[in-house]
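Q: sequence and predicted model, in that order:
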Amino acid sequence: MKILVTGGAGYIGSIVVEQLIEAGESVVVFDNLYQGHRAAVHPDAIFVEGDLADRAAVDALFDEHRPEAVMHFASHTLVGESMENPFRYLGENVTNGLNLLQSAVRHDVRRFILSSTANLFDDPERIPIDEAERIVPGSPYGESKYILERMLHWLDRIYGFRYAALRYFNAAGASTERGEDHHPETHLIPIVLSVALGRRDKVIIFGDDYPTRDGTCVRDYVHVIDLAQAHILALRALDRGSRVYNLGNGQGFTVKEVVETAREITGHPIPAEVGPRRPGDPATLIAGSDRIRRELGWEPKYPALRDIIESAWKWHQSHPNGYS
Ligand code: UDP
């Protein structure tokens, strides 16, 4: 199948592209390189540099490459930034997604996978969080993803669109060739590893007064290759109907446990200091992923936090300057 991947030069997108190509699919990447890296794009993928805000460019992309399915990763993705600059999210994320959806409908492409988020569950009533949990977006970022999920719902009803919305919990880890390289970096695991590489002095732990076992936030870290495999399974199941899945390992680790595991793996003391809470962080996010396990047979290959951090550590050691 020929698959258009928006944001295929970004962290998760580039690893999904790699796994799609290894699974024998053909891929066209569309990315504006705002956060993505040209070097992250698998050499067997066709690369088109462009912006989803440019409707003519998006239409031309569909005209020229005739994809049969779309995976949509291109997005602003930071909760904190979205609280400071809501229009970038409620505006750009939404209108860029809309442009993509309109072009897909115009070109009769009805298979679509949306990269969605655990930020739909700001105030969960039950942990682990399954798909029956009420939706409470935690920020304009989460809201922008939810708006796209709702658009897909209507496009399914009206045009017979087949979609999957995959709500990731904490994507982490790396493949051999590809890993996480954001500027600026805000995510815990790459920050902790950059301390181990001597690039930063210490990690600041954002709050230790949460109602968790050691007072620091609990997150469900899922290996990015396992996420990629979930996309491939979801793509193959689309013709049997649209679907929504929460994606995580079902196990939570505290910030302190992540730092401690990284100390063991790297052999570096990784100094850590407790600072204030980061606005918008819920205490605990753990995914209930039974639905995708049951319906698609998804089984994470790398569920252990140790394996996830170890893969990231190998990548950061072999790419100390990221992709640059
Ligand atoms: N975190 C932290 N220090 C940092 C970066 C993150 O204590 O320098 C915490 C953050 O508050 C959250 C967890 O680590 O509880 C995971 O944060 P990350 O930004 O990696 O992912 P998020 O959960 O926001 O998607």
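A: Cool, got the structure. Numbering: from 1, shown residues only.
Q: how near is Ala53 to the ligand?
A: Applying C-beta to the nearest ligand atom, to the nearest Å, the value for Ala53 to the ligand is 25 Å. In this view, the C-beta of every residue, glycine as well, is placed from N, C-alpha and C.
Q: check which helix or strand covers that residue.
A: Using DSSP states H and E, Ala53 sits in no helix or strand.
Q: how about Ala164?
A: strand 162-168.
Q: sheet-wise, list the partners of that strand with their directions.
A: strand 111-117 (parallel), strand 243-247 (parallel) (DSSP bridges).
Q: okay, these in a markdown table with mean neighbour count next?
A: Shown next, in a markdown table, are the strands paired with strand 162-168 (neighbours: other C-beta atoms under 10 Å):
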| stretch | mean neighbour count |
| --- | --- |
| strand 111-117 | 25 |
| strand 243-247 | 23 |
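Q: now the ones you listed in CSV, with distance to Leu233 and mean pLDDT?
A: What follows is the strands paired with strand 162-168, written out as CSV (distance: least, C-beta to C-beta, whole Å; pLDDT from 0 to 100):
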stretch, distance to Leu233, mean pLDDT
strand 111-117, 11, 98
strand 243-247, 9, 98
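Q: okay, the ones you listed in a markdown table with distance to the ligand next?
A: Below are the strands paired with strand 162-168 laid out as a markdown table (distance: least, C-beta to the nearest ligand atom, whole Å):
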| stretch | distance to the ligand |
| --- | --- |
| strand 111-117 | 8 |
| strand 243-247 | 13 |
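Q: and the ones you listed as CSV, adding distance to Pro184?
A: Output for the strands paired with strand 162-168, formatted as CSV (distance: least, C-beta to C-beta, whole Å):
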stretch, distance to Pro184
strand 111-117, 20
strand 243-247, 26
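Q: returning to that earlier point: so does the strand holding Ala164 get close to the ligand?
A: No: contact between strand 162-168 and the ligand is absent, the nearest approach being 8.7 Å (criterion: C-beta under 6 Å from any ligand atom).
Q: quick one: name whatever helix or strand follows that strand.
A: strand 170-172.
Q: okay, buried residues for the strand holding Ala164 please.
A: 162-168 (16 or more other C-beta atoms under 10 Å).
Q: packing partners for the helix or strand where Pro190 lies?
A: Using DSSP H and E, Pro190 falls within helix 188-196. Packed against helix 188-196 by the contact rule (3 or more C-beta pairs under 8 Å, 6 or more residues apart in numbering; DSSP states H and E) you find strand 203-206, helix 255-266, helix 305-318.
Q: residues making contact with the top helix by length along the chain?
A: Secondary structure assigned by DSSP state H gives helix 140-159 as the longest helix of the chain. With contacts defined as C-beta atoms under 8 Å, 6 or more residues apart in numbering, helix 140-159 is touched by 72, 75-79, 81-83, 86, 89-90, 93-94, 97-98, 101, 105, 110, 112, 114-117, 119-120, 122, 135, 137, 161-163, 165, 167, 242, 244.
Q: out of the helices and strands in this structure, which is least certain?
A: Lowest mean confidence among the helices and strands of the chain (mean pLDDT, DSSP states H and E): helix 79-84, at a mean of 91.
Q: smallest distance to the ligand belongs to which residue of the stretch 151-300 of the chain?
A: Nearest residue of the stretch 151-300 of the chain to the ligand, counting by C-beta to the nearest ligand atom: Cys217, 3.0 Å away.
Q: circling back: got the buried residues for the least confident helix or strand of the chain?
A: In terms of neighbour count (16+ other C-beta under 10 Å), helix 79-84 has its buried residues at 79, 81-82.
Q: circling back to that earlier point, now tabulate the buried residues of strand 162-168 in TSV and tack on pLDDT.
A: Formatted as TSV, the buried residues of strand 162-168 follow (pLDDT from 0 to 100):
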residue	pLDDT
Arg162	98
Tyr163	98
Ala164	98
Ala165	98
Leu166	98
Arg167	98
Tyr168	95
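Q: ok, which pair from the residues you listed is furthest apart?
A: Arg162 and Tyr168 (20.2 Å; C-beta to C-beta).
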